[in-house]
Structure formats: structure tokens, C-alpha cells
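Colleague: what's the 3D shape of this:
(one chain, ligands or ions: 1)
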Amino acid sequence: QKSLQEHDPELFALLEQEAERQRGGLELIASENFTSTAVMQTLGSCLTNKYAEGMPGKRYYGGNQIIDQVETMCMKRALKAYRLNEEEWGVNVAPYSGSPANFAAFTAVLRPHDRIMGLDLPSGGHLTHGFYTLDKKTGERKNISATSAYFESLPYTVHPETGLIDFDRLADLARTFKPALIICGGSAYPREWDYKRFREIANENGALLLCDMAHISGLVATEEADSPFEYADIVTTTTHKSLRGPRAAMIFYKKDEREFGPKIDAAVFPGLQGGPHENAIGAIATQLKEVMSPEFKEYAGQVKKNAQALGAALSKYGYKLATGGTDNHLLLWDLRPQEITGSKIETLCDRCHITLNKNAVPGDKSALSPGGVRLGTPALTTRGFTESEFEKVAEFLHRAVEIAGKIQQEHGKALKAFKAGLDNNAELEKLKEDVH
Ligand code: PLP
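Modeller: Numbering: from 1, shown residues only. The predicted structure follows:
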């Protein structure tokens, strides 16, 4: 058998370049992380060869004796990692990723056109929580996510000034809209979730409560963030963000007379998926072993300390952070006072190997031109960064914004002119060198 390098030098070279990009830059995307060798090995193992439609012990193909043990191990570890009792909670570990997991959970417990309420995307929610837009000219509704095409969605928002979830408005809207499902959890919310308040609103309206803890699942497992399991009926999560596992997802459900388990299992397969990716399931299992170790607890604590240090350093430079700071692994950096869009900072940072993403900030006029960026600490914490390194990161980010300001002054605000201003910019070249 040939190695990848021998078989396909062209692809091998691209992989080498990507590895170098990941090693050589500052990775600040809040949803990314660097997986362990054990996870990588499992992902690239013989488990990828096997078809295993169905559940452990109930498969549609032969030869699943070992696979059943892998998947069962993964399920047991998943419950243990979140301190859940097997009598009270069940889990499905087969979803390919977070978006299919959410859609599977929704289709399991809702009928088409049932009503859902999730945090709006520009407020920090995720696409799959029912996102749609309205056409600027015609006002026509465009269902961006299948979750808004197949269910009736009315998003709730954060307060434009505080950046915190506007619970009073959510409660009012829910009283009129009467959703069948309320979703909490998001992709760009830097504060703790008040699960109790969500539960109260759900109860008042006879709605189910689903928490999508994708971003913070590593923090929840290590008790560095509040746990949604006390209040939610269903909890979904990706496994590749703060949990640091493979690109996959899990759906946890309460075991009671409502019989969520069989419905969720059936929604995942055969409802939406075919054969599960057992290599990913094995990789979740091995990552969950790590998640339960004292080292991972320490890691998750450091992720939070680093986010706080980064926030404090940016505030010292005089920058504005949505909600004033963070309780978790991410920061929403509001660049509107500097009059520089998130897109421009993202583009400039890309040029000097700082990877981050533009993001809407509370009160943004248009989600199409986000006024800020999202910064996360999980990936660089995996690389061993502590508070002092994050102070340095803040210094680099500050330099980036200053360079952007100067370019904008010289070349004007149009994106094309701004991009031209990045070429052969001596200060930018120096920043790139220092980042390395
Ligand atoms: N849920 C949340 C809260 C997310 O942030 C994301 C991805 O960023 C997802 C779901 C979707 O996960 P995936 O990209 O694996 O489909």
C-alpha cells in the first residue's frame, strides 16, 4: 500500500500547507480546536470502512460485533462525562455533525410547521435555530435554514444595548406565539445561559426546552459552565469545539414517558442519515476519556482564564466588548467605535496569520456588514497559551486595528480600496513577522 505522499503528492502538499497554516498562525476562531493524536488516529482507522446502520445490537448489516462495543462505549462515556444517570438520560452519538443533529432532534419531537423559538443569528444564535431573513426590498421571507423552512420560527434576540438575552421580550413573544419548542444555546453569546428562566418560559407555554451547548460543551463537562441538563428536555452538542473531539455531534434526551429515545434514534437513522461514521464515533469515545481527566479540567479552566485575560487586555486598550466581557471561551469585540467593519479586520488579520471571524454585534444595523469580530480561546489554549500570551495576542490585535485605521484614512472606506491598501504595507509585514 502506498502512503498518501506516494499516492497523491498533490493532495499531500496541500495537507502539509494546511498543517503549516494551522501551526504557524494564531487561531482565534471560537468554534475551532486542535484534536489529539488519539482522536486523529481513530478518525483515520479501520472504523471508517464499516457500515453499521441501526443501533448497537440492532444493525442492518453483519460484522458489527466490535463496532457495537465501540458505539456502546461512546454512549456510556458521553453520559458519564456529563454526570448523567443511565436511568434518566439517553444519548445518540451517530449524528454526522451539529446541524444534522439539531434537525434530527427537531424532527423527532415536532411535526412539520410546529413553532420554534431560538436566538436570532445576529444576536449570537446558530443558523439551525430557525434562521431566516427578510428581503430588503420586498420584505419577502427567505428561509435560510431548513429549520425555518420546515418549522415556523420566531427568533428572540439580545437587548441591543446590554447584549444580554432580553428575557422579558422573549416571555412576551412566547405568550403570543406559543412555541412547541424553545432553543437555548448559541454560537456567539459570551455570557452564562439562565436555563432556569428558559425553563420557566417553556413551562408557561407548554413548550419543550432544547439546549444546543455546542460551543460550551467542554466547559459544561468540566463544570466550568452551568449545566443545562437540570432544565432541558433535550441537549445537543457538536464534539469538535471546546470539547476538542472529532467533527461530529451527540443528542442527549430525558428518558421518561414521552419516549424521546426511540424518536430521536429513528430521526437520526433512517430519518435523516444512513450509515453512521463509526470512525468519528470512536474518536468521540476516546476524546471523552480525555475530557474526564484532571488535565482536561485544567485546560477548560485555562480557556476561561485566557478569554478573561484577552478581554481585559483589549479593554485596557480602550476597546468595547459586547456585554463588557465574557463568562466563557469567547469574546464579541465591537469595532463600531473605531468605524472599522468586522470584514476588514478579518481580511487584514488573515494577511498576517491571525485567524478570526467577522460577527454581528448587539445593535448592528445590518447582519450583512457585521460591526465586530468573534474571538475564542479554546484552540490556542490547547497549544499551551496562558494569560501572558493572550496579552501579547491583544497587542497584535490592537496593532491590526491601528493599521486598519490608517489604511482606511489613506484609501477611504470602500472594501476594494482597503484591500489594495493591504498590499506592500510595511507595518502589516512587520506584524506578520512578529506573529510568526
Ligand atoms: N450549533 C451551534 C451552537 C454551532 O455553533 C454550530 C456550528 O458552529 C452548530 C450547531 C453546527 O455544527 P456543524 O457545523 O457541525 O454542523
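
Colleague: in stretch 252-260, which residues are buried?
Modeller: 252-254, 260 (16 or more other Cβ atoms under 10 Å). From N, CA and C alone the C-beta is placed, and that goes for glycine too.

Colleague: just the ones of these in helices?
Modeller: In this view, the buried residues of stretch 252-260 that belong to helices under DSSP state H are Phe260.

Colleague: as JSON lines, the buried residues of stretch 252-260 with pLDDT and distance to Leu181 would be great.
Modeller: Formatted as JSON lines, these follow (pLDDT from 0 to 100; distance: Cβ to Cβ, whole Å):
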{"residue": "Phe252", "pLDDT": "98", "distance to Leu181": "15"}
{"residue": "Tyr253", "pLDDT": "98", "distance to Leu181": "13"}
{"residue": "Lys254", "pLDDT": "98", "distance to Leu181": "14"}
{"residue": "Phe260", "pLDDT": "98", "distance to Leu181": "12"}
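
Colleague: which of the buried residues of stretch 252-260 lies closest to the ligand?
Modeller: Phe252 (14.0 Å; Cβ to the nearest ligand atom).

Colleague: list the contacts for the nearest residue to that closest one once chain neighbours are set aside?
Modeller: Nearest non-adjacent residue to Phe252, counting by Cβ to Cβ, 6 or more residues apart in numbering: Val235, 4.3 Å away. When contacts are counted by Cβ atoms under 8 Å, 6 or more residues apart in numbering, Val235 touches 210-213, 228-229, 251-253.

Colleague: can you tell me which of the residues you listed is closest to Phe390?
Modeller: Distance to Phe390, by Cβ to Cβ, is smallest for Met213 among the contacts of Val235, at 24.0 Å.

Colleague: can I take it that the residue nearest to Phe252 is in a strand?
Modeller: Yes. The assignment for Val235 by DSSP: H, G, I helix; E, B strand; the rest coil puts it in a strand.

Colleague: what's the burial count for the nearest residue to Thr355 once chain neighbours are set aside?
Modeller: Among residues not flanking Thr355 along the chain, Glu27 sits closest, at 5.2 Å (Cβ to Cβ, 6+ apart). A count of neighbours around Glu27, defined by other Cβ atoms under 10 Å, yields 21.

Colleague: what sits against Glu27?
Modeller: Counting by Cβ under 8 Å, 6+ apart, Glu27 has contacts 34, 355, 379-380, 383.

Colleague: at 10 Å instead, please
Modeller: The contact partners of Glu27, taken as Cβ atoms under 10 Å, 6 or more residues apart in numbering, are 21, 33-34, 353-356, 376-380, 382-383.

Colleague: then Glu140?
Modeller: 133-134.

Colleague: could you confirm whether any residue of stretch 258-272 contacts the ligand?
Modeller: No. Stretch 258-272 lies out of reach of the ligand by Cβ under 6 Å from any ligand atom, never closer than 12.6 Å.

Colleague: ok, and for that stretch, which residues are buried?
Modeller: Buried-residue list, stretch 258-272, by 16+ other Cβ under 10 Å: 260-261, 263-269, 272.

Colleague: end to end, how far does that stretch reach?
Modeller: 21 Å (Cα to Cα, to the nearest Å).

Colleague: start the count at 659 instead of 1 going forward.
Modeller: Sounds good: first residue 659 from here, last item stretch 916-930.

Colleague: contact partners of that stretch?
Modeller: 710-713, 716, 718, 747-754, 758-759, 761-767, 866, 891-892, 894, 907, 909-913, 931, 933-934.

Colleague: rerun at 6 Å
Modeller: 711, 713, 748, 750, 752-753, 758, 762, 765-766, 909, 911 (Cβ atoms under 6 Å, 6 or more residues apart in numbering).

Colleague: closest one of these to Ala671?
Modeller: Using Cβ to Cβ, those come closest to Ala671 at Pro758, 31.8 Å.

Colleague: so that closest one sits in a helix?
Modeller: Yes. Inclusion of Pro758 in a helix is indicated when three-state DSSP is applied.

Colleague: may I have the residues that are in contact with it?
Modeller: By Cβ under 6 Å, 6+ apart, Pro758 lies in contact with Leu930.

Colleague: what's the distance between it and the ligand?
Modeller: 7 Å (Cβ to the nearest ligand atom, to the nearest Å).

Colleague: for Val1031, same thing?
Modeller: 16 Å.

Colleague: again, but for Val751
Modeller: Counting by Cβ to the nearest ligand atom, the gap from Val751 to the ligand is 14 Å.

Colleague: my read: that residue touches Ile939, true?
Modeller: Yes. Contact criterion Cβ atoms under 6 Å: Val751 and Ile939 qualify, at 5.4 Å.
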